[in-house]
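Visitor: what's the 3D shape of this:
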Amino acid sequence: MNEYKILFSSMKIGNVVIPNRTVMTPMGVDLSDCDGMVNDRTIAYYTERARGGTGLIVTEYCRVNERDGVCATGQLSLSSDRYISGMKRLAGSVHAEGAKFFIQLHHPGRQSVPVFQTYWKELETVSRIYPGVWKRFFETTAKYADMDYSDPANAREAEKMMKKLKPCLAPSIIPADEDDGPLSVIKTKAFTIKEIRRLERQFCDAAVRAQLAGADGVELHAGHGYLLQQFLSPYTNRRTDEYGGSLENRCRLMTEIIRGIHGRCGEDYPVTVRLSVDEFYEKTGHPERGYHIDEGVRMAVLAEKAGAAAINVTIAGVNTTNLVTESVRYAPGWRAPYVKKVKDAVRIPVIAVGVIRTPEQAEQLLEDGVQDFIGLGRPVLADPMWARKAQSGRPESITRCISCLACMDSFARNMLNDKPIECALNPRTCHETELPECGVPDGGGRKVVVVGAGPAGLTAARELALRKFSVLVLEKEPESGGQINEADKPVCKGRLHWCIEDLETQAAAAGARIRYNTEAGKELIEAEKPYAVVLAAGACAVKPPIRGAQQDFVHTVTPVLLGSISPSGREIVVAGSGMTGLETAEMLVNAGNKVTVIEWADKIAQGASGINISEIKVILSGLGVRFMTGTKLEEIGDHEVIVSSQDGKLQTLAADEVILSLGSRKNDALARELEGSAYKLSVIGDASRTGRIGDAVRSAFAAARDLR
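Guide: Prediction:
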């Protein structure tokens, strides 16, 4: 058994002894009350990660004022003394589980939502008398969050709304002809010296409140494009006073806050800094912008000289946000060289994330001297017991984060509607109070047959077996996986199969049995005399009734993904630009084909968003893939397709092969056959409604918990 001797050894940050080297790094989950107050959900979320063995819990970003410091709904606050009592409850609950507790202090600067700067303070005040005001507010903001801004009418309405809103405070105003990032529409106002002094006091006041609440330390957020990093970067800081120009001047706000906190809380009170050490503007085609690793290392040294107790190394900013929370395209440990440069330059502990997924990988990073503490962000969303399982010699039972970015997609979707984030693999994340851990087993050995060993079927099998049902899974293929066995084939997507490996291991450990190469039918199921049946038979890609679609050079994405056809040097038309269609197009162009993607909607991946979509669109454009939007597939001829534009004009495209990525059809034939049977019947996952991994897992979890 690997004991992970370094990973589970103690180490100090300042004068605080952290019981092991695991740190839950800050993630915005937005679980607090609308006004920033800690509630039972907040406490349950953080406490579960502490109970899972994590050595240090660092909260999500916590604002220091209500006037211009609000970044999201449900964000924690320490803007006044009224928040101390709630934070004290949270600190006490985390401490009771043996973990240490730091609070991250934060200001968004220009990286905020202007509606917050305009209305939040008044809403926060009025809500104490009329709580219903929040509901009205979110109804309004949700409208703007859901708008399609490619529609000119919506764009004009949004522009009109923006003119009514106050500007966000920032170090400097970026000239409009330079600001080509996602914040180009945000109006800004440069901080005055008086406002900077006020902000420093607010950071220090919040640190005092954190100390009074029992927090073991605080962390300054100087990364990811937020205010302190905006001052650090020569791209966003164009000031000519003592807060701009030289590196020392650009670091001045950060270092003055560190010294100010020590002046108020004592020299021994730990202040750590989460520092983006490289902005990676070369990824946007502008290597001349911002700062890079050498200057980032010097910033870490200046933070140490000012009294920082540790550096929490991170990277990137708002214009390179795909690197802040990486997609599956980034290999585990890819940040290590950047982290090591900081480690070699400072004498204080270094914390870092970097697609760290297993305790073996974590131990190796520590052994190699890359860092002192292992940052676990998404891994403890997927499995709060990550550290506990590793320390008890059960690393194989860990649910590994697959970097699917469901958490980030849900964060963006829910930022303006007062809902927390979601994890595709853990339905309990941010729902710990409504969905407690599996309680007293009550299955009583009653038999449940589960049909299908994909994500939904295996999740149901695990949860039912934990409840002590006798679970038999019937899988028609020789291995588990279902549609994941297709989804993991595109470039860099192999990590998706981790979820199948982990679920299979967990289901078996709980007592579920899986019978492979077994086609489930009514007769076979009834022969098992089950108490209940759970159908998780998945879905399959469809060929819609388009003239010519049955020809032998027309395929769905399935044979391409599974490798049963491997065209090369061909002219290929892919119909449909959802994520599956785009990933299939990437496989085809990498195999030496010339690819055209046609899409009836006005833009590629209409209705989809997030880092995965934005990344692959850039990649495909760079590979020469042609996109034709507003284009409908009308007919497939003899190695050609006939398409129409939205104005009705027809066009013929050559096509040696045609690949259809036009959706899936649920496999519900068996469900119809079993209707009216004596046993309880549940249909889950894609067999009920097609969706993503998280949809399948959540539906399976709910069905397994609800079975009585």
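Visitor: mind checking the SS state of the residue located most distally from the centre of the chain?
Guide: What lies farthest from the middle of the chain is Asp638; by Cα atoms, centre = their mean that is 44.5 Å. Secondary structure assignment for Asp638 (DSSP: H, G, I helix; E, B strand; the rest coil): coil.
Visitor: residue boundaries of the helices in the stretch 51-200 of the chain?
Guide: Taking DSSP state H, counting those that start in this stretch, the helices of the stretch 51-200 of the chain run over residues 84-96, 114-126, 133-145, 152-163, 193-212.
Visitor: For the first one, what does the pLDDT average out to?
Guide: Going back to what we said before, that points to helix 84-96. The average of the pLDDT scores along helix 84-96 is 98.
Visitor: export it as PDB, just CAs?
Guide: Taking C-alpha atoms only, helix 84-96 is exported to PDB below (Å, rounded to 0.1, in the frame of the first residue of the first chain):
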ATOM      1  CA  ILE A  84     -19.000  37.700  11.400                       C
ATOM      2  CA  SER A  85     -21.400  35.400  13.200                       C
ATOM      3  CA  GLY A  86     -22.200  33.300  10.100                       C
ATOM      4  CA  MET A  87     -18.500  33.000   9.200                       C
ATOM      5  CA  LYS A  88     -17.800  32.000  12.800                       C
ATOM      6  CA  ARG A  89     -20.300  29.100  12.400                       C
ATOM      7  CA  LEU A  90     -18.600  28.000   9.200                       C
ATOM      8  CA  ALA A  91     -15.100  28.200  10.700                       C
ATOM      9  CA  GLY A  92     -16.200  26.200  13.800                       C
ATOM     10  CA  SER A  93     -17.800  23.500  11.600                       C
ATOM     11  CA  VAL A  94     -14.600  23.100   9.500                       C
ATOM     12  CA  HIS A  95     -12.400  23.100  12.500                       C
ATOM     13  CA  ALA A  96     -14.500  20.400  14.200                       C
END
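Visitor: if we can go back for a sec, relative to Arg49, tell me which of the helices of the stretch 51-200 of the chain wins on proximity.
Guide: Closest approach to Arg49 among those is made by helix 84-96 (8.4 Å; Cβ to Cβ). Bear in mind the C-beta positions are built from the backbone N, C-alpha and C, glycine included.
Visitor: buried residues in the closest one?
Guide: Under the neighbour-count criterion of 16 or more other Cβ atoms under 10 Å, helix 84-96 has 84, 86-91, 93-95 buried.
Visitor: Kindly report the same for stretch 261-269.
Guide: 261-262, 265, 269.
Visitor: Serialize these to a markdown table and add fields for distance to Met27, secondary structure and pLDDT.
Guide: Output for the buried residues of stretch 261-269, formatted as a markdown table (distance: Cβ to Cβ, whole Å; DSSP: H, G, I helix; E, B strand; the rest coil; pLDDT from 0 to 100):
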| residue | distance to Met27 | secondary structure | pLDDT |
| --- | --- | --- | --- |
| Ile261 | 23 | helix | 98 |
| His262 | 27 | helix | 98 |
| Cys265 | 25 | helix | 98 |
| Tyr269 | 24 | coil | 98 |
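Visitor: Can you pull the phi/psi pair for the residue farthest from the centre of the chain?
Guide: The phi/psi pair for Asp638 (degrees, to the nearest 10) reads phi -80, psi 90.
Visitor: going forward, begin numbering at 26 instead of 1
Guide: That works, and once the first residue is 26, the last one we named lands at Asp663.
Visitor: Just the pLDDT at it, thanks.
Guide: We have a pLDDT of 96 for Asp663.
Visitor: tell me the domain ranges of this protein?
Guide: 36-439, 472-565+691-731, 579-687 (automatic domain parsing).
Visitor: re earlier: nearest to Leu658, of the helices of the stretch 76-225 of the chain?
Guide: Checked against Cβ to Cβ, the stretch from the helices of the stretch 76-225 of the chain lying closest is helix 177-188, at 26.6 Å.
Visitor: Specify the angle between the closest one and helix 158-170 in degrees.
Guide: Using axes from the mean of the first three to the mean of the last three Cα atoms, to 10 degrees, the direction of helix 177-188 lies 130 degrees away from that of helix 158-170.
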